[in-house]
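Colleague: Below is the sequence, then the predicted model.
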Amino acid sequence: MVDAISMTLIKVNESGELPINRIPSPTVEPPKRPEWGDFSCNVAMTLASTVKQSPLKVAQILATNLLKQFPELFKQVDVAPPGFLNFTLHPMCWIDVLRAIESHDSSYGTSQIGKGTSIILEFVSANPTGPLHVGHGRGAALGQAMASLLTASGYAVSREFYINDAGRQLQLLGRSVYARYREILGKDSNFPEDGYYGDYIKELAESFVHSHGETLLEQPPDEAVAVAAHAASQILLDRIKEDLSLFGVNFETWFSETTLHSKGLVQQTLDELRVRDLVKEEDGALWFRSSEFGDDKDRVVKKQDGSYTYLAADMAYHRDKLDRGFDTLVNIWGADHHGYIPRMTATVQAFGHEKESLRVVLVQMVSLSRGTQKIEMSKRAGEFVTLREVIEEVGSDAAKFFFLMRRADTHLDFDLELAKQQSSDNPVYYVQYAHARLASVFRMAQERHVTLPTMEDVDVSLLLGADELGLIKTLAQYPFILEGSALALEPHRITFYLQDLAAQLHAYYNKHRVLPAAENSVKSEDRPHEDGVPTNGKASNVGHESTKTQLTPDVTAARLALLRQVQTVLRNGLTLLGISSPEKM
RNA sequence: GCGCCUGUAGCUCAGUGGAUAGAGCACUUGCCUCCGGAGCAAGGGGCCACAGGUUCAAAUCCUGUCAGGCGCACCA
């Protein structure tokens, strides 16, 4: 297609019809309206000024040449103002799409645009100081979908969870649990002002009473806090792992911040920066010269008291990821961390990598509601809805779909009522229903002793109607949707596509019969089954082809073959998002 | 004060240089003797926040203004 245009451009240049100094690489895309054709191209408009002719004229010259040169490909090449070239392919060309889906099956849509580039995808990375909440769920669903998407597009993806198991938050966890522990044992607690208030802290404290009795009271408070912190974070991390696995989200590696310190990697990182002359001493602290790479100001990495900042550890972590040989680091972060991006970008550059080797996807807040009722959340008071609660209420499939329905960087309103509803109002059910409905048709076909045909068995000329071709063209888009969303790191495009495809399928199915009626229900019938309900007078389509087709066994077979490919694409898309494709609902 | 994100139908949002700006919900009206009605069809509804600029072409890119959200630690 693109080649055909390029070749034609070269030809008209050589023949002198259009003197083009530089041959542009044309872009081709599906036009906004189907009646304009199958593809459109804007190259004539971009050329108009260089060849000093009107875009319409340029388009006209190209159109006649293209049609002359590639009669087997193009049925029609039109010119539309202000200078679009609109191509209509021979309908038979589209049948190949169905054959491709059938032969590639579950791998239809995959590509090699990633060329094996290795990516480490870090996401969730919640502190092991409490249960995962809905916000983490969004990050988890997004990360998992992105990993599948990138893998399907030819990247080598590794998923990693960074465990913040060193530092102040963990200490605070220990102090909170220890305070509750003392409370249970009737001692004065002095619960930390900014501590964790959730009920789970009390449960953890109770379990310590069971396991340790009063022994922690005998230890110096600092030690007791450390013991509590360590044990509590282990338990909480295990719960995080359980929740994620319940949600169908997995990681290749769980990277512990503590190991950075114990292996001395933080100091090594600072030493290397010193060699590169990218740190400075000032006011008794050590600063990273991040402003040399576009950050607003330099950042402290080692405090006056000699301890490292969180940034220092994070720099060591990112250096480690680069040292492990990954080409690209992708981080999924909560949007409240956006101020951190320049620092991390500077870090990557400080170690000699392109700034593009770090890509950060920001995820905005999720606000929950039931119908019009907003659910208030306050993390500080320990009042928040956990991921587990959401999964238990609406199910993993619905939760994932809702998390993936919006662009990551916009706020998400998650209506629990809607997610539970089993109706077309609920987009998850709508898409899954399309899959289940097809499964049911195939079951019914077999009950009626109609064997499921493959493309080879079928008279493909019966699939050239406008509705069939429309469906096929949507199926043909799928690989491009995957490619686009992989490059942009935007899985939400797939949820939109699936809703489109499902809608088109439902419409088709409603309008066209596939299976003949069951034998016992035809008894008094002598009129043949007709297809295409002439809904009202307006359905008078543009003429030529009749809306009514006799439902012969051949037609049934052809339509079944088409629907099987639709089902495959629905399933592939859902699978990619980590959502199940039910046979029955 | 500085920075980042967002501003599109009544609501929730797609659409990042192309032609007449789309979908779902809500609202109105129709469609099952029949393969899953958990569905379909039709209708109304828009100064794409505002103002300039770049371009053959702007919701989309640039500048400014306004509004909302979030950041701006020798916290993590």
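Modeller: Looks like it came in fine.

Colleague: Up against RNA strand B, what does the stretch 151-300 of chain A have?
Modeller: A:Asn164, A:Ala166, A:Gly167, A:Arg168, A:Gln169, A:Glu282, A:Asp283, A:Gly284, A:Ala285, A:Asp296, A:Val300 (CB under 7 Å from any atom of the strand). Every residue, glycine included, has its C-beta placed from N, CA and C.

Colleague: Can you give the domain ranges for chain A?
Modeller: As assigned by automatic domain parsing, chain A contains the domains A:2-89, A:168-246, A:427-517+A:547-576.

Colleague: Pipe these into TSV and attach mean pLDDT and mean neighbour count per row.
Modeller: Shown next, in TSV, are those (pLDDT from 0 to 100; neighbours: other CB atoms under 10 Å):
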stretch	mean pLDDT	mean neighbour count
domain A:2-89	87	16
domain A:168-246	93	17
domain A:427-517+A:547-576	91	19
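
Colleague: that older thread, just the buried ones among the residues of the stretch 151-300 of chain A next to RNA strand B, please.
Modeller: Among these, the ones that count as buried by 16 or more other CB atoms under 10 Å are A:Asn164, A:Ala166, A:Gly167, A:Gln169, A:Val300.

Colleague: Take these and keep only those in strands.
Modeller: If you go by DSSP state E, these have A:Val300 in strands.

Colleague: What sits closest to the residue nearest the centre of chain A if chain neighbours are left out?
Modeller: Residue closest to the average C-alpha location in chain A (CA atoms, centre = their mean): A:Pro491, at 2.1 Å. In space, and not counting its chain neighbours, A:Pro491 is closest to A:Ala145: 4.1 Å by CB to CB, 6 or more residues apart in numbering.

Colleague: can you check A:Asn42 too?
Modeller: Spatial nearest neighbour of A:Asn42, chain neighbours left out: A:Phe84 (6.3 Å); criterion: CB to CB, 6+ apart.

Colleague: before we move on, the earlier item: nearest to A:Gly116, of the domains of chain A?
Modeller: With CB to CB, the closest approach to A:Gly116 among these belongs to domain A:427-517+A:547-576: 13.6 Å.

Colleague: That closest one near RNA strand B at all?
Modeller: Yes. Judged by CB under 7 Å from any atom of the strand, domain A:427-517+A:547-576 and RNA strand B are in contact via A:427, A:429-430, A:433, A:436-437, A:439-441, A:444, A:490, A:492-493, A:496, A:499, A:503, A:506-507, A:509-515, A:517.

Colleague: what's the span of that domain from first residue to last?
Modeller: Terminal residues of domain A:427-517+A:547-576 lie 17 Å apart, using CA to CA, to the nearest Å.

Colleague: go on, stretch A:191-199?
Modeller: End-to-end distance for stretch A:191-199: 14 Å, by CA to CA.

Colleague: Then stretch A:346-358?
Modeller: The first-to-last residue distance of stretch A:346-358 comes to 10 Å (CA to CA).

Colleague: what residues does it touch?
Modeller: A:272-273, A:276, A:278, A:288, A:290-295, A:314-315, A:318-319, A:322, A:327-329, A:331, A:344-345 (CB atoms under 8 Å, 6 or more residues apart in numbering).

Colleague: Likewise for stretch A:90-110?
Modeller: Residues outside stretch A:90-110 that contact it (CB under 8 Å, 6+ apart) are A:72-75, A:152-154, A:454-455, A:460, A:463-464, A:469, A:472-473, A:475-476, A:478-479, A:481-482, A:561-562, A:564-565, A:568-569, A:571-573, A:575-576.

Colleague: In contact with A:Gln169, which residues?
Modeller: The neighbours of A:Gln169, taking CB under 8 Å, 6+ apart as the test, are A:Asn127, A:Thr129.

Colleague: rerun at 10 Å
Modeller: Residues near A:Gln169 by CB atoms under 10 Å, 6 or more residues apart in numbering: A:Asn127, A:Pro128, A:Thr129, A:Gly130, A:Tyr196, A:Ala229, A:Ser233, A:Tyr310.

Colleague: How about A:Gly294?
Modeller: A:Gly294 sits next to A:Pro342, A:Thr345, A:Ala346, A:Gln349, A:Lys355 when contact means CB under 10 Å, 6+ apart.

Colleague: which phi and psi does the residue nearest to A:Lys303 when sequence neighbours are not counted have?
Modeller: In space, A:Lys303 comes closest to A:Ala285 once its chain neighbours are excluded; the distance is 5.6 Å by CB to CB, 6+ apart. Here is the backbone geometry of A:Ala285 (degrees, to the nearest 10): phi -120, psi 170.

Colleague: My read is that A:Ala285 contacts A:Gly306, right?
Modeller: Yes. With contacts counted by CB atoms under 10 Å, A:Ala285 reaches A:Gly306, the gap being 9.4 Å.

Colleague: hmm, back to that, how about the helix or strand hosting the residue nearest to A:Pro491 as CSV, C-alpha atoms only?
Modeller: A:Ala145 is located in helix A:134-152, with elements delineated by DSSP states H and E. The C-alpha coordinates for helix A:134-152 follow below in CSV (Å, rounded to 0.1, in the frame of the first residue of the first chain):
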residue,chain,number,x,y,z
VAL,A,134,-7.7,0.9,45.0
GLY,A,135,-5.1,3.2,43.8
HIS,A,136,-2.5,0.4,43.8
GLY,A,137,-5.1,-1.7,42.0
ARG,A,138,-5.1,0.7,39.1
GLY,A,139,-1.3,0.7,38.9
ALA,A,140,-1.3,-3.1,39.1
ALA,A,141,-3.9,-3.6,36.3
LEU,A,142,-2.1,-1.1,34.2
GLY,A,143,1.3,-2.6,34.7
GLN,A,144,0.2,-6.1,34.0
ALA,A,145,-1.7,-5.1,30.9
MET,A,146,1.3,-3.0,29.7
ALA,A,147,3.6,-6.0,30.3
SER,A,148,1.5,-8.2,28.1
LEU,A,149,1.1,-5.6,25.5
LEU,A,150,4.8,-4.9,25.3
THR,A,151,5.6,-8.6,25.2
ALA,A,152,3.1,-9.1,22.4
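
Colleague: For it, give the mean pLDDT please.
Modeller: Average pLDDT, helix A:134-152: 95.

Colleague: Give me the distance between that helix and the centre of its chain.
Modeller: With CA atoms, centre = their mean, to the nearest Å as the basis, helix A:134-152 stands 6 Å off its chain's centre.

Colleague: who does the longest helix seen in chain A touch, helix- and strand-wise?
Modeller: As assigned by DSSP state H, the longest helix anywhere in chain A is helix A:221-246. The contact analysis (3 or more CB pairs under 10 Å, 6 or more residues apart in numbering; DSSP states H and E) places helix A:221-246 against helix A:134-152, strand A:156-163, helix A:168-184, helix A:199-212, helix A:215-218, strand A:253-256, helix A:387-394.
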